[in-house]
Every structure is written in structure tokens, then in C-alpha cells.
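>>> only geometry, no sequence info:
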Ligand SMILES: Nc1ncnc2c1ncn2[C@@H]1O[C@H](COP(=O)(O)OP(=O)(O)OP(=O)(O)O)[C@@H](O)[C@H]1O
Ligand SMILES: [Mg+2]
């Protein structure tokens, strides 16, 4: 296992954002962490990447305990994350933003920089070529000279991914990389994540879009109220598949309700998705999970929905 979290607990005053969570991320996989708002997903990422000390528990990377390490030291090991909220420099160009990621792995120290200008120029050339490669990889090659602020929202999210890639990850942690994107942008991100995995980079993904999650994940972990309630192969006939799709159903219904549309369409869509993807008949049961922040939505489920 490349990443192992054992018994992670994070308390904020009286709130346990994580309550004794253990999981592992296998190398070369796309592993997704899903769950409703406030489940503790970002907190888990914060602990793994050193932005939050756990109240209890440990994190190991390739057998090495990294619990409590500073973020830059963890990033230097190859655990690189993107943030749920944008973390770009809006006034810098696309290329300059990517270079900020690359500088995490620059090889020339200050002393060498002072003594050997030629070596610095070599290093700059190398970093520049690498920045170009990363921009092409995410499809922003044609926009390299533009200010980050001039990109569309979806393109800015892609640029954040590029900055993360530029840092040379072995494990890339993506916190809602597709949030706010259009459907076609989401499809592009899904394809991109697949290509990142094909390059040998392990991906740990937090994402609310269940179609994206179910389409690309090798493994899905489900968090609810700081506890891990399911863990498995999304194609398996039980557990994770049902939890994930029930969750997706709830959020789709919420969106339909917000748009004052009939929920029948959402219901039809998810019933067919469930029968197609979970390989069991629709209406066969969804377990007993009540999603905290969607507690209101339980009422919109038809009576026979869970059984
Ligand atoms: N710094 C903090 N101080 C106090 N409470 C916090 C802090 N960070 C997170 N929490 C609380 O911990 C819980 C988990 O939050 P977290 O951000 O990890 O959820 P999440 O699963 O990422 O949710 P979302 O899907 O909305 O991003 C929430 O109840 C949140 O209010
Ligand atoms: Mg979050």
C-alpha cells in the first residue's frame, strides 16, 4: 500500500471531523473518497498532507510514518494535493503558475545558484520544458501566455491540476477537481485522471459527481459524519455501489428540487443507472445509511425506494 491511514481522529472542539478512520490507498489506482458535505473528506486530505495534525492516529507513506510532518516535507516526498478552493495566482500567466509547482522540485540550491550561473540557466531550461509538457498534458498548451484570471472557471481548475502535476507527485490528492465544471469539462477531467494514473501516479480523489467517481475509480471509500461506512470496488454488486448511487440520487433530487423540476426524471435516471452499473435490480435496497446533510431528502424518496 502506498498510503495507510490508521485510526485517524480529528476533533474541532466538540465536533469530530474524523472519528477513528482507517483506510489504505493502493499504488497505481484511482481511489475515491466520497460522502456528503461535512463528512470529513477535506479534513482527511489536510491530515495526510500535513495541513492538519490529527488528534489521534497515524499516516504512513510507503511504510514511512509521516504523521505531523510539515506540508512542504510531505510534498517533497511526492504527496501533492490540490485544494477545494482555488489556489492559483490570478495575476500570473498559466505558465508562471505551472512553474510555481515545478519549483517544489527544483534541484539547484541557493549556493549553487550564486556560484554557477550556467547551471541555473540549464535548470531554468529544464523547468521550462517540463512546464510546457505539463500544460500540453492538461490541454492548456495554447493558453500558456494568458493570465490565470483570464481563463474560464473550468480551465482554472485544470490549471490547478497542472500545478499539482508539475510538483512531480507520486500520489496526487485532488479535492473536488471537477466542481463547478460543465459536463464536457467533467468528461475531460475524467479522461485526464485516467491518463494521470496511466503515467504511474496514484490518484486519491474527493468528488461529489458520482458519475465521474463511478466511471473512473478502482476503489471507493465512503465517509459519513467522520466515519468510514463503506469501502469497496464500485463495480461490486453491493455496498459501495449502492451507497454511492443512493448518495448520487439524493444530490440529483436536491438539484431537481432547487430547479423546481419534477423529481421523477432523477428517479428514472438513477434507477436505470443502478441496474446498469450495480448489476442488481432497481429497487433492490440501499442499506440503511442516512446522509447527514441530505436528511431532508429522505422525504422525497418514494416509499418503495429502499426496499
Ligand atoms: N478548521 C476547522 N475548525 C472547526 N471545524 C472544522 C474545521 N475544518 C472542518 N471543520 C468541520 O469538520 C467537519 C468536516 O469538514 P470537512 O471540510 O472535512 O468536510 P468535507 O467532507 O470536505 O465537506 P465538503 O463536501 O462540504 O467539502 C465539518 O463539520 C466542518 O464544519
Ligand atoms: Mg471538502
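In hand now; what should we look at? All figures in this text were calculated on a predicted structure; none of them were measured in a lab. Ligands and ions are numbered 1, 2, ... in the order given.

>>> How far does the lengthiest helix in the chain sit from its chain's centre?
For the chain, the longest helix by residue count, based on DSSP state H, is helix 117-138. Centroid separation between helix 117-138 and its chain, computed with CA atoms, centre = their mean, to the nearest Å, is 27 Å.

>>> Now do that helix: which elements does it pack against?
Where contact means 3 or more CB pairs under 8 Å, 6 or more residues apart in numbering; DSSP states H and E, helix 117-138 is packed against helix 94-102, helix 110-115, helix 153-166, helix 183-198. C-betas here are computed from N, CA, C, even on glycine.

>>> Please report phi then psi for residue 10.
Dihedral pair for residue 10: phi -130, psi 120, per degrees, to the nearest 10.

>>> For the helices and strands packed on helix 117-138, give me CSV that also has distance to residue 16.
Below are the helices and strands packed on helix 117-138 laid out as CSV (distance: least, CB to CB, whole Å):
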stretch, distance to residue 16
helix 94-102, 33
helix 110-115, 43
helix 153-166, 29
helix 183-198, 30
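
>>> right, and these - which one's nearest ligand 1?
helix 153-166 (14.8 Å; CB to the nearest ligand atom).

>>> Also compute the angle for the closest one relative to helix 94-102, please.
40 degrees (axes from the mean of the first three to the mean of the last three CA atoms, to 10 degrees).

>>> and helix 153-166, what's its mean pLDDT?
Helix 153-166 shows an average pLDDT of 94 in the prediction.

>>> any idea of the angle the next helix or strand after that helix forms with helix 153-166?
Using DSSP states H and E, the helix or strand that follows helix 153-166 towards the C-terminus is strand 171-175. Strand 171-175 runs at 160 degrees relative to helix 153-166, counting by the same axes, to 10 degrees.

>>> Could you provide the helices and strands packed on helix 117-138 in CSV, with additional columns for mean neighbour count?
What follows is these, written out as CSV (neighbours: other CB atoms under 10 Å):
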stretch, mean neighbour count
helix 94-102, 22
helix 110-115, 10
helix 153-166, 23
helix 183-198, 16
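
>>> okay if I get those as JSON lines plus distance to ligand 1?
Shown next, in JSON lines, are the helices and strands packed on helix 117-138 (distance: least, CB to the nearest ligand atom, whole Å):
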{"stretch": "helix 94-102", "distance to ligand 1": "23"}
{"stretch": "helix 110-115", "distance to ligand 1": "34"}
{"stretch": "helix 153-166", "distance to ligand 1": "15"}
{"stretch": "helix 183-198", "distance to ligand 1": "17"}
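
>>> do you know which of those lies nearest residue 43?
Ranking the helices and strands packed on helix 117-138 by distance to residue 43, with CB to CB as the measure, places helix 153-166 first at 19.2 Å.

>>> residues in contact with that closest one?
80-83, 86-88, 94, 97-102, 104, 130-131, 134-135, 137-140, 143, 148, 151, 172, 174, 177-182, 185, 188-189, 192, 196, 201 (CB atoms under 8 Å, 6 or more residues apart in numbering).
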